[in-house]
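**Student:** Curious how this folds, go ahead:
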Amino acid sequence: MTGQTHLVTGASSGLGRASAIALARLGARVVLLVRDRSRGDEVRGTILRQGGSADVLQADLSSRASVRRAAAEVLGAHRRLDVLIHNAAIYTPRRTLTGEGLETMLATNHLGPFLLTALLRGALLAAKPSRVIVVTAPSTTRIDFDDIQGERRFGSLSRFGATKMANLMFTYELASRLAGSGVTANAVFPGVFKSGLMDAAPPLIRWLGGLRAASAEAAAEHIVQAATDPALADVSGVFFSGRRPARTAPDSLAVDLRERLWDLSEGLTGASIPHWAGD
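**Tutor:** Predicted coordinates:
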């Protein structure tokens with residue numbers, strides 16, 4: 001990975017931290033996109049002590065303005081981006097809104113990655129072959145497009161599941177739109193691992209998750225494989241459960257639903273990712 005630039009969101013702790021450190025060990029220069037600058041600096045220090053290279057970039061994925069500033073900083077420092085890993089996610093037990101009036105989980109887990117990818121599309125194309133990796137789960141939750149922000153009805157677990165379904169739809173549609181461009185897009189479920197993501201979930205959910213939780217370092221191996229394995233250089237539009245390709249729920253594969261989500265996402269972010277049209 002020497003000479004490559006990899007951006008990891010949510011890199012200050014857990015899976016993101018473990019993935020960033022592992023990628024740096026392989027020689028990549030890692031851009032750590034974090035909400036907490038001090039925690040990001042700690043991860044960067046760890047990477048530097050191990051002989052690696054890393055930059056810290058503070059941003060809040062729930063804020064469109066923050067994502068735009070972060071993308072501008074990335075493009076100012078790096079003309080090429082070899083790997084973009086969407087790892088950051090949030091779970092909220094109650095409906096909350098961002099400062100821009102968007103439901104927080106939708107904004108952070110889906111709209112932020114959508115916007116960041118759109119803004120960094122040129123850098124990904126400049127580095128081709130390059131990869132977009134979306135960390136998600138095999139959600140079966142149906143998205144209520146008429147109430148996508150949960151204004152009429154809000155169940156925290158179902159809304160979180162809907163954002164994970166949105167991740168799947170986004171990945172498949174992105175792969176379709178960038179087919180032939182040299183940029184691939186795949187989704188990865190790294191399994192259940194030790195994380196603070198669901199600390200606010202009901203006790204039973206936390207208990208069940210803890211029964212078979214792996215370490216973040218073990219889970220990160222699946223992310224690193226998707227980002228670096230030469231055998232996957234031309235693989236796109238695939239969901240990996242661990243290291244193996246797996247099929248996801250019918251909704252995630254439905255082109256009409258993917259396009260509907262895409263149109264909504266463009267409207268809410270003001271960004272677009274057109275179909276690849278060649279050089």
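
**Student:** Where does Pro245 fall, secondary structure wise?
**Tutor:** For Pro245, the enclosing helix or strand under DSSP states H and E is strand 244-246.

**Student:** which helices and strands sit right next to that strand?
**Tutor:** Helices and strands touching strand 244-246, by 3 or more CB pairs under 8 Å, 6 or more residues apart in numbering; DSSP states H and E, are strand 239-241. No exception for glycine: its C-beta is placed from N, CA and C like everyone else's.

**Student:** gap between the strand it packs on and the chain center?
**Tutor:** From the chain centre to the centre of strand 239-241 is a distance of 14 Å (CA atoms, centre = their mean, to the nearest Å).

**Student:** quick one: strands adjacent to that strand?
**Tutor:** Using DSSP bridges, the strands paired with strand 239-241 are strand 183-189 (parallel), strand 244-246 (antiparallel).

**Student:** How about residues contacting the shortest one?
**Tutor:** It refers to strand 244-246. Strand 244-246 has contacts (CB atoms under 8 Å, 6 or more residues apart in numbering) with 138, 189, 238-240.

**Student:** And the residue nearest the centre of this structure?
**Tutor:** Geometric centre of the chain, nearest residue: His86, 1.8 Å, by CA atoms, centre = their mean.

**Student:** Please tell me how far the nearest residue to it once chain neighbours are set aside sits from Leu61.
**Tutor:** Leaving aside its chain neighbours, His86 sits nearest to Pro113 (4.1 Å; criterion: CB to CB, 6 or more residues apart in numbering). Pro113 is 7 Å from Leu61, where distance means CB to CB, to the nearest Å.

**Student:** Now do the shared contacts for the two.
**Tutor:** In contact with both Pro113 and Leu61: 9, 88, using CB under 8 Å, 6+ apart.

**Student:** The two: which is more packed in?
**Tutor:** Under the criterion of other CB atoms under 10 Å, the comparison of Pro113 against Leu61 puts Pro113 first, with 30 against 26.

**Student:** remind me, longest helix of the protein?
**Tutor:** helix 156-177 (DSSP state H).

**Student:** Buried residues in that one, which are they?
**Tutor:** 156, 159-177 (16 or more other CB atoms under 10 Å).

**Student:** now swap in stretch 103-111 and tell me
**Tutor:** For stretch 103-111, by 16+ other CB under 10 Å, it's 103-111.

**Student:** Equivalent analysis for stretch 133-145, please.
**Tutor:** Going by neighbour count (16+ other CB under 10 Å), the buried part of stretch 133-145 is 133-139, 141, 143.

**Student:** likewise stretch 20-30?
**Tutor:** So, applying 16+ other CB under 10 Å, buried residues of stretch 20-30: 20-24, 28-30.

**Student:** Contacts made by it with the rest, please.
**Tutor:** Contacts of stretch 20-30 (CB under 8 Å, 6+ apart): 1-8, 11, 32, 43, 46-47, 50, 52-55, 82-83, 217, 220-221, 224, 227-228.

**Student:** Now, those residues that are in strands?
**Tutor:** Secondary structure defined by DSSP state E assigns 5-8, 32, 53-55, 83 of these to strands.

**Student:** Drop anything exposed from the residues you listed.
**Tutor:** Neighbour counting by 16+ other CB under 10 Å classes 5-8, 32, 54-55, 83 among the ones in strands among the contacts of stretch 20-30 as buried.

**Student:** what's the burial count for Trp276?
**Tutor:** By other CB under 10 Å, neighbour count at Trp276 equals 16.

**Student:** gap between it and Ala185?
**Tutor:** Taken as CB to CB, the span from Trp276 to Ala185 is 11 Å.

**Student:** again with Val83
**Tutor:** Distance from Val83 to Ala185, by CB to CB: 11 Å.

**Student:** Tell me which stretches of the stretch 101-250 of the chain form helices.
**Tutor:** 104-106, 112-119, 121-126, 156-177, 203-211, 216-228, 250-253 (DSSP state H, counting those that start in this stretch).

**Student:** As TSV, the ones you listed with distance to Val74 and mean pLDDT would be great.
**Tutor:** What follows is the helices of the stretch 101-250 of the chain, written out as TSV (distance: least, CB to CB, whole Å; pLDDT from 0 to 100):
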stretch	distance to Val74	mean pLDDT
helix 104-106	23	96
helix 112-119	8	98
helix 121-126	7	96
helix 156-177	18	96
helix 203-211	33	44
helix 216-228	17	92
helix 250-253	28	97
